[in-house]
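Engineer: I need the structure of the sequence given here:
(one chain, ligands or ions: 2)
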Amino acid sequence: MAHSSETSRAGPGIIDGADAVTPVVLAAMAGTPDPRLREITAALVRHLHAFAREVRLTEPEWEAGIALLNRIGQTTDARHNEAVLMSDVLGLSTLVCLLNNGDAGAAETEAALLGPFWRDGAPPVPNGGSIVRSPTPGPVLFTRGRVTDPAGAPIPDVRIDVWQSSPVGLYENQDPTQADMNLRGTLATDADGRFALRSVKPSGYPVPVHGPAGDLLRAQRRHPFRPAHMHILCVKPGWKTLVTQVFDPDDAHLRSDVVFGVTDRLIGAFVEHGADEAAPEPDLTAPWYSLDHTFVMERGESRLPVPPIP
Ligand code: BEZ
Ligand code: FE
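Structural biologist: Ligands and ions are numbered 1, 2, ... in the order given. Sure, this is the predicted structure:
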């Protein structure tokens, strides 16, 4: 039967055109008891609907978006987290990281995104030990760190968790030629807040491009590279967990990190040492490198991130 004013059931819950959808959806969700979930889902609906209106999303584009979300899940496995990577290349990870860290003023070390490659449970190494667990060619790097509070006082017994790529630009989970947990390790700061470790100089590398994040980068004519860096996670009860990175200033992609992680204060001093200097360990051949860096933690909640891969 044709629609007529006599048979109309217009009123609450009846969708009367595109403009009616958003308020009806918001009303349907208004009784969510958890206040934070209520706030987040309402804002999500408002912004998602506004986005569809702004670009006037077509049905094929909506289908492509749904296929993209499904492929993100299908591309994720025990060695790779595509959802984290997609968040990274869209700049969302860095935005959330900087929204939630760095509010203690200039002293606190800036945070940087965790990325998709942190693994919980890296084996302990003694302070001053090596995180090289299988033959890994490339120049040796000695990292010496100090962890302090914002006033410069040392913080002892901070658990330091380090992970980095090899000089060919691969993490051990991406590279069958490396031993499990190669270039990963945990150690503790000493009474003076210091830690030291031996590794190899990391290289810049392309992020994985075999999934939808790679398709997006190609469609946007963006390169996939991260500048060379070390990841460092500092954890101690009573202190706000610090997840950060230290970047090599000489890397060609320092100013175009595909995941937007580089801030001015996270650029480190990777110093090259030549044959004219006494080698700190007997097996060294020149050049080798050193990196001295101070990490400043503030008091707060200590929590470990959810590992993106096991
Ligand atoms: C990383 O630094 O390990 C990383 C961050 C984002 C995407 C891919 C890798
Ligand atoms: Fe990395």
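Engineer: From ligand 1, how far out is residue 97?
Structural biologist: Look at residue 97 and ligand 1: by CB to the nearest ligand atom, to the nearest Å, they are 11 Å apart. C-beta coordinates here come from the backbone N, C-alpha and C atoms, glycine included.
Engineer: got a list of contacts for the helix or strand that residue falls within?
Structural biologist: Element membership for residue 97, per DSSP states H and E: helix 92-100. Here helix 92-100 makes contact (CB atoms under 8 Å, 6 or more residues apart in numbering) with 84, 87-88, 110-115, 243, 259-261.
Engineer: Let me see the ranges of the helices in the stretch 51-200 of the chain.
Structural biologist: Using DSSP state H, counting those that start in this stretch, the helices of the stretch 51-200 of the chain run over 59-75, 82-89, 92-100.
Engineer: How about the longest one and ligand 1, any contact?
Structural biologist: By that I understand helix 59-75. No - contact between helix 59-75 and ligand 1 is absent, the nearest approach being 13.4 Å (criterion: CB under 6 Å from any ligand atom).
Engineer: How about the residues of the stretch 51-200 of the chain by ligand 1?
Structural biologist: Checking the stretch 51-200 of the chain against ligand 1 by CB under 6 Å from any ligand atom, the hits are 85, 88, 113, 115-117.
Engineer: which ones are touching residue 184?
Structural biologist: Shown in contact with residue 184 (CB under 8 Å, 6+ apart): 119, 122-123, 131, 161-164, 172.
Engineer: again, but for residue 166
Structural biologist: Each residue near residue 166 by CB under 8 Å, 6+ apart is listed here: 136, 138, 172, 175, 178, 182-183, 200, 202-203.
Engineer: ok, the residue of the chain found nearest ligand 1 - how many residues close by?
Structural biologist: In the chain, no residue comes nearer to ligand 1 than residue 115, which is 2.8 Å away by CB to the nearest ligand atom. Neighbours of residue 115 under the rule other CB atoms under 10 Å: 22.
Engineer: How about residue 36?
Structural biologist: Residue 36 has 8 nearby residues by other CB under 10 Å.
Engineer: Check which helix or strand it maps to.
Structural biologist: In the assignment (DSSP H and E), residue 36 maps to helix 35-55.
Engineer: so that helix versus helix 59-75, what angle?
Structural biologist: Per axes from the mean of the first three to the mean of the last three CA atoms, to 10 degrees, the angle that helix 35-55 makes with helix 59-75 is 130 degrees.
Engineer: any idea of the mean pLDDT in helix 35-55?
Structural biologist: The pLDDT scores in helix 35-55 average 98.
Engineer: what does stretch 279-288 give?
Structural biologist: 87.
Engineer: Check which residues of that stretch are buried.
Structural biologist: 284, 288 (16 or more other CB atoms under 10 Å).
Engineer: how far is it from where the chain is centred?
Structural biologist: Taking CA atoms, centre = their mean, to the nearest Å, one finds the center of stretch 279-288 at 32 Å from the center of the full chain.
Engineer: That one: end-to-end distance?
Structural biologist: Terminal residues of stretch 279-288 are spaced 9 Å apart (CA to CA, to the nearest Å).
Engineer: can you check stretch 100-119 too?
Structural biologist: For stretch 100-119, the end-to-end distance is 22 Å (CA to CA).
Engineer: Just the buried positions in that stretch, please.
Structural biologist: Those buried within stretch 100-119 under the rule 16+ other CB under 10 Å are 101-102, 108-119.
Engineer: do stretch 150-158 as well
Structural biologist: Buried residues in stretch 150-158 (16+ other CB under 10 Å): 155, 158.
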